[in-house]
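J.: the sequence isn't on hand, but the structure is:
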């Protein structure tokens, strides 16, 4: 099977996001602290609970939304339970990311309320995806991935633009350079892909 191109990955994510938006009851997140992540392979239920941020409810991505939703339900207790737990060093950044996702979902995707503070330069800023992985290489046979923590859609007047949000728990000189390279690589890839 041939590797998926970035356009294939984004087309799969676009279709998955549309299905999730049309079919998924937002109470799922609130009752079970669950979020259904859409990626290039399908759907994956992850926790947005403070004690297990972004831990998976199962070990694999599911091909259908219904299968991912089913993963969030523990028949024995009647509640959701994440089965994978992250290492302690990941928890600060992951906790912030899970908090942002949880609050965005509580506000119908509106990130302006979540990020608060100074007025943001967007008429609207809507959460779309997290952990978006694209191939950094022009040669799709080389798997050199770049990942974005959060991908949002910013509205400026009548224009819509992708907004990349990358989280770092500290920002010294080395991490700042890594962050800049990461964002430039992701922008290069997302800029070549046109999606609605």
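T.: Okay, I see it. Here the structure is a predicted model, which is why all the values come from computation and not from measurement. Numbers count the residues shown, from 1 in each chain.
J.: C-alpha only now, for contacts and for neighbours.
T.: Fine.
J.: burial of residue 158, as a residue count?
T.: If you count neighbours by other Cα atoms under 10 Å, residue 158 ends up with 6.
J.: what residue of the protein is the furthest out?
T.: Distance from the C-alpha centroid of the chain, by Cα atoms, centre = their mean, peaks at residue 76 (29.1 Å).
J.: hang on, that one in a strand?
T.: No: counting by DSSP: H, G, I helix; E, B strand; the rest coil, residue 76 falls outside a strand, being coil.
J.: okay, residue 157: pLDDT?
T.: We have a pLDDT of 91 for residue 157.
J.: contact partners for the closest residue to it other than its chain neighbours?
T.: Distances taken as Cα to Cα, 6 or more residues apart in numbering put residue 123 closest to residue 157, at 6.8 Å, once the chain neighbours are dropped. Applying Cα atoms under 8 Å, 6 or more residues apart in numbering to residue 123 gives the contacts 154, 155, 156, 157.
J.: what pLDDT is listed against residue 17?
T.: Taking residue 17 on its own, its pLDDT is 92.
J.: how many neighbouring residues does residue 162 have?
T.: 16.
J.: go through stretch 59-79 and flag the buried ones.
T.: Buried residues in stretch 59-79, counted by 16 or more other Cα atoms under 10 Å: 61, 62, 65, 68, 69, 71, 72, 73.
J.: inside helices: which ones of the residues you listed?
T.: 65, 68, 69, 71 (DSSP state H).
J.: ok, the second one touching residue 37?
T.: No: checked against Cα atoms under 8 Å, the pair residue 68 and residue 37 is beyond contact range at 9.0 Å.
J.: what do these two both touch?
T.: Going by Cα under 8 Å, 6+ apart, residues that sit against residue 68 and also against residue 37 are 43, 44, 45.
J.: please state the offset of the strand or helix carrying the first one from the chain centre?
T.: Right, the one you point to is residue 43. Using DSSP states H and E, residue 43 sits in strand 42-47. Distance, stretch centre to chain centre, for strand 42-47: 10 Å (Cα atoms, centre = their mean, to the nearest Å).
J.: pLDDT below threshold where in this structure?
T.: By pLDDT under 70, the low-scoring segments of the chain are 1-3, 82-90, 117-118, 137-143, 191-196.
J.: good, we can wrap up now.
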